[in-house]
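**Q** Take a look and give me a structure for this.
(one chain, ligands or ions: 1)
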Amino acid sequence: MEYSEKVMEHFAHPHNVGKIEDADGIGEVGNAKCGDIMKMYIKVNAGIITDVKFNTYGCASAIATSSMATDMIKGKPITEALRLTNQAVVEALDGLPAVKIHCSVLAEEAIKAAVKDYYDKNGIAYDPALFKEDCCHYDHHHAE
Ligand code: FES
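**A** Numbers count the residues shown, from 1 in each chain. Model prediction:
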């Protein structure tokens, strides 16, 4: 299994790791395939994601994709963040081994879950189709 240099770089020095104490939205998702979990925190101001941080109990690929994905949405409008696909993140990392593609979904789903949480908390109407649970299941129970 070969990792690109970018993946190794982001895994060794991940960006935006941590927690935002006064987050406007928090998303927690689990990867059904491996049981790894990810928590994503966002700060929102006037529709812009001004800050984002993540924490994960996930593999190297999950860490690298989350690092890249958070870089890609920071300072961007929510609407743009919602359009970010795991494929785009994988491309930005110069690819992932095929067996690791499922790991990249965790970041995309966590971002969506955080945005949904922000919308819900602020009574903002949205199209539920934006948040289809077609891959990973949203973990609303704080396991341990
Ligand atoms: Fe679980 Fe990669 S093996 S996210």
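
**Q** Cross-check the contact I'm expecting between Lys112 and Thr85.
**A** No: in terms of C-beta atoms under 8 Å, Lys112 does not count as a neighbour of Thr85; the distance is 10.6 Å. Placement of C-beta: from N, CA and C, glycine included.

**Q** Of the two, which one has the most company?
**A** A count of neighbours by other C-beta atoms under 10 Å puts Lys112 above the other of Lys112 and Thr85, at 22 against 12.

**Q** tell me which element the more buried one falls in.
**A** Assigned by DSSP states H and E, Lys112 belongs to helix 101-121.

**Q** Buried residues of that helix, list them for me.
**A** Within helix 101-121, the residues scored as buried using 16 or more other C-beta atoms under 10 Å are 102-119.

**Q** Which ones, among these, also lie beside the ligand?
**A** Restricting the buried residues of helix 101-121 to those within reach of the ligand (C-beta under 6 Å from any ligand atom) leaves 103, 106.

**Q** Roughly how far does the residue nearest to the spatial centre of the chain sit from Glu80?
**A** With distances taken as C-alpha atoms, centre = their mean, the residue of the chain nearest its centroid is Ala107 (2.7 Å). As judged by C-beta to C-beta, to the nearest Å, Ala107 and Glu80 stand 15 Å apart.

**Q** what does Asn122 give?
**A** Relative to Glu80, Asn122 is positioned 18 Å away (C-beta to C-beta).

**Q** Name the residue in these two with the higher neighbour count.
**A** Just comparing Asn122 and Glu80: by other C-beta under 10 Å the higher neighbour count belongs to Glu80, 14 against 10.

**Q** Can you name the element that comes right after whichever helix or strand that one is part of?
**A** In this assignment (DSSP H and E), Glu80 forms part of helix 78-83. Next along the chain after helix 78-83, taking DSSP H and E as the criterion, comes helix 86-92.

**Q** and that next one, average pLDDT?
**A** For helix 86-92, mean pLDDT is 95.

**Q** elements contacting that helix?
**A** If contacts are counted by 3 or more C-beta pairs under 8 Å, 6 or more residues apart in numbering; DSSP states H and E, helix 86-92 sits against helix 60-73, helix 101-121.

**Q** can I get the ones you listed in a markdown table with mean pLDDT?
**A** Shown next, in a markdown table, are those (pLDDT from 0 to 100):
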| stretch | mean pLDDT |
| --- | --- |
| helix 60-73 | 96 |
| helix 101-121 | 94 |
